[in-house]
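K.L.:
requesting a structural model of the entry that follows:
(one chain, ligands or ions: 1)
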Amino acid sequence: MIKICCIGAGYVGGPTMAMIAKKCPDVQVTVVDINEKRIAAWKSDTLPIYEPGLDAVVKEALGRNLFFSIDVDQAIRDADIVFVSVNTPTKTFGEGAGYASDLQYWELCARRIKEVSTSDKIIVEKSTLPVRTAEAMERVLHSGENAMHFEVLSNPEFLAEGTAIADLENPDRVLIGGHETPSGQKAVQTLVDIYATWISRERILTANVWSAELSKLTANAFLAQRVSSINAISALCEATEANVNEVSHAIGTDSRIGAKFLKASIGFGGSCFKKDILNLVYLCESYGLQVPADYWRQVVLMNEYQETRFVKNMLRNMFNTIAGKRLAVFGFAFKADTGDTRESPAIRVCRELAAERAKIVVTDPKAIENAKIEMPELIDQIEFEEDPYKAAKGAHAIALLTEWPEYKTLDYQRIYDSMSKPAFVFDGRNHLDHDALFEIGFEVYSIGKGLKSHLQ
Ligand SMILES: NC(=O)c1ccc[n+]([C@@H]2O[C@H](COP(=O)([O-])OP(=O)(O)OC[C@H]3O[C@@H](n4cnc5c(N)ncnc54)[C@H](O)[C@@H]3O)[C@@H](O)[C@H]2O)c1
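P.N.:
Below is the predicted model:
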């Protein structure tokens, strides 16, 4: 029986390992973490992360061939394959602060693996890492006196939060990078065979280890770049009366462009896009490639511009003052179907609204607890309310920042009746039926269309 250990029981480690365990009953999977609370939650009825379909996958394998533990050393020692799925946040200090990946967690894992191992192992980079990290890891793993052989593979994760289970069950592709040596290729084959249990071989791509590492950063940069590109056009649409939805549809039907990731919005969030692009910028700069670095940096700047532009539009349309006005923020998660609030556009929007001294009330079906943690400095200034009707009561405006499906079906007449007038809706996701809202009496702002007003 192959034994897998995964270090890091987060948004990636938990779901990916649960899926491998579900699909491969002959493989024993142990997920370990230093965060005891997280490990306890994975073993409980309330999982530490919200992801549609995850509960059933975990339940099927838990205790059969899926285990969660805080005994990191034992799990490493027992394993044939060690996945490392720890966080790789942007460095906040020293060289590369604000851009480079903070690799201290990864390196600690490498040192731990080297320290406690008593047999050869395949080490799999699951975390998103800068290109050529595998080289550094191999040097750590093989440093000093050590008879063991560690073969490092790169197997970046392409799942998207909110659709993680569907993405893992039926991925567009799985990418496995390894060295072009006999032991490298043997290790690649071992991992290919595991994924091939449920994924067709043509969707399992193999590559050299550096290509695999760089492909993950590149994929995220391209996805984010599409969002920033259509958002740049949305600003121009508002200035020219072009309609961004129509432009997006018109260009998306070109098969060379494709329709996905072309929806204008307040912008992208999540723990990965910004971090990975800034890491790409840092990498380009460290190889002396200033123009490519500046090109990718602009994707992040455009995203920040879009968030700030949204707040400025709120302020301008609400008669240049929102001080003391109750504003209801509908949705704080960075996207629908997740409770994750990391780098959510809602954070900057709330901070900028708070700076204008608005009275903010945040509602979200899954993310209120995380939202409280995101803005410790504003905790006394912001009200949190699970019920969107109560959140909107007495408010001057609703700012919709997450495209939760349930927000489409609320009784907006009831909401309108309970709000201060004129009542505004600022739809940061172009998610609602704007004509219907306007009919009810709302002043309606949408991205790329601007304000539709009864007042002019
Ligand atoms: N979240 C996503 O959608 C996503 C998608 C693809 C790739 N990734 C990448 O996957 C990696 C993990 O992301 P995540 O969102 O799961 O992060 P996360 O913060 O949710 O989880 C990481 C976990 O690693 C644990 N950890 C850190 N150091 C440890 C150590 N030395 N020993 C044991 N456990 C340790 C932490 O306690 C934490 O629970 C990142 O590199 C990220 O860029 C994330």
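K.L.:
got the contact list for the residue in the stretch 1-150 of the chain that the ligand sits nearest to?
P.N.:
Closest contact between the stretch 1-150 of the chain and the ligand, by Cβ to the nearest ligand atom, is at Gly10 (2.0 Å). C-beta coordinates here come from the backbone N, C-alpha and C atoms, glycine included. Neighbouring residues of Gly10 by Cβ atoms under 8 Å, 6 or more residues apart in numbering: 33, 38, 49, 85-87.
K.L.:
so which of those residues also contact the ligand?
P.N.:
33, 38, 85-87 (Cβ under 6 Å from any ligand atom).
K.L.:
of the residues you listed, just say which sits nearest to Ser183.
P.N.:
Ser85 (22.9 Å; Cβ to Cβ).
K.L.:
surely the closest one meets Cys5?
P.N.:
No: in this structure Ser85 lies outside contact range of Cys5 using Cβ atoms under 8 Å: 10.5 Å.
K.L.:
report pLDDT for the residue in the stretch 301-450 of the chain that the ligand sits nearest to.
P.N.:
Here the residue of the stretch 301-450 of the chain nearest the ligand is Asp340; by Cβ to the nearest ligand atom that distance is 7.1 Å. Listed pLDDT for Asp340 reads 96.
K.L.:
cool, Asp380 as well?
P.N.:
88.
K.L.:
adjust the sequence numbering to begin at 768 for everything that follows.
P.N.:
With 768 as the first residue, the last one maps to Asp1147.
K.L.:
give me the secondary structure label for it.
P.N.:
Secondary structure, DSSP: H, G, I helix; E, B strand; the rest coil: Asp1147 is coil.
K.L.:
distance check, it against Thr957.
P.N.:
54 Å (Cβ to Cβ, to the nearest Å).
K.L.:
higher neighbour count, these two?
P.N.:
Applying other Cβ atoms under 10 Å to Asp1147 and Thr957 shows that Thr957 carries more neighbours, namely 17 against 7.
K.L.:
now that one, nearest residue through space, not along the chain?
P.N.:
Take Thr957 and drop its neighbours on the chain: the residue closest to it by Cβ to Cβ, 6 or more residues apart in numbering is Ile889, 6.3 Å away.
K.L.:
for my notes, confirm that neighbour occurs in a strand.
P.N.:
Yes: checked against three-state DSSP, Ile889 lies within a strand.
K.L.:
just to revisit the earlier point, show me the contacts of Gly777 that map onto helices.
P.N.:
Arg805 (DSSP state H).
K.L.:
quick check, nearest of the contacts of Gly777 to Lys1133?
P.N.:
Ile816 (9.9 Å).
K.L.:
any chance of JSON lines for the contacts of Gly777, columns distance to Val994, neighbour count and pLDDT?
P.N.:
Output for those, formatted as JSON lines (distance: Cβ to Cβ, whole Å; neighbours: other Cβ atoms under 10 Å; pLDDT from 0 to 100):
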{"residue": "Asp800", "distance to Val994": "31", "neighbour count": "23", "pLDDT": "98"}
{"residue": "Arg805", "distance to Val994": "30", "neighbour count": "20", "pLDDT": "98"}
{"residue": "Ile816", "distance to Val994": "23", "neighbour count": "20", "pLDDT": "95"}
{"residue": "Ser852", "distance to Val994": "25", "neighbour count": "27", "pLDDT": "98"}
{"residue": "Val853", "distance to Val994": "27", "neighbour count": "23", "pLDDT": "97"}
{"residue": "Asn854", "distance to Val994": "23", "neighbour count": "18", "pLDDT": "95"}
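K.L.:
before we move on, the earlier item: next, count neighbours for the residue nearest to Thr957.
P.N.:
Residues lying near Ile889 (other Cβ under 10 Å) number 24.
K.L.:
now do the same contact list for Thr985.
P.N.:
Neighbours of Thr985 in contact, by Cβ under 8 Å, 6+ apart: Leu1047.
K.L.:
check which helix or strand it maps to.
P.N.:
helix 976-1007 (DSSP states H and E).
K.L.:
return the distance of that helix from the chain's centre.
P.N.:
With Cα atoms, centre = their mean, to the nearest Å as the basis, helix 976-1007 stands 14 Å off its chain's centre.
K.L.:
report the mean per-residue pLDDT for that helix.
P.N.:
In the prediction, helix 976-1007 has an average pLDDT of 97.
K.L.:
again with stretch 896-903
P.N.:
Mean predicted confidence for stretch 896-903 is 93.
K.L.:
Leu814 contacts Arg805, doesn't it?
P.N.:
No: in this structure Leu814 lies outside contact range of Arg805 using Cβ under 8 Å: 9.7 Å.
K.L.:
buried ones in the helix holding Thr985, by neighbour count?
P.N.:
Neighbour-count burial for helix 976-1007, counted by 16 or more other Cβ atoms under 10 Å, picks out 976-977, 979-984, 986-988, 990-998, 1000-1002, 1004-1005.
K.L.:
now stretch 1046-1064
P.N.:
Residues of stretch 1046-1064 classed as buried by neighbour count (16+ other Cβ under 10 Å): 1046-1052, 1060, 1063-1064.
K.L.:
now those residues in TSV, with pLDDT?
P.N.:
Formatted as TSV, the buried residues of stretch 1046-1064 follow (pLDDT from 0 to 100):
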residue	pLDDT
Asn1046	97
Leu1047	97
Val1048	97
Tyr1049	97
Leu1050	97
Cys1051	97
Glu1052	97
Ala1060	98
Trp1063	98
Arg1064	98
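K.L.:
which of these lies closest to Asp793?
P.N.:
Among these, Asn1046 lies closest to Asp793 (Cβ to Cβ), at 36.7 Å.
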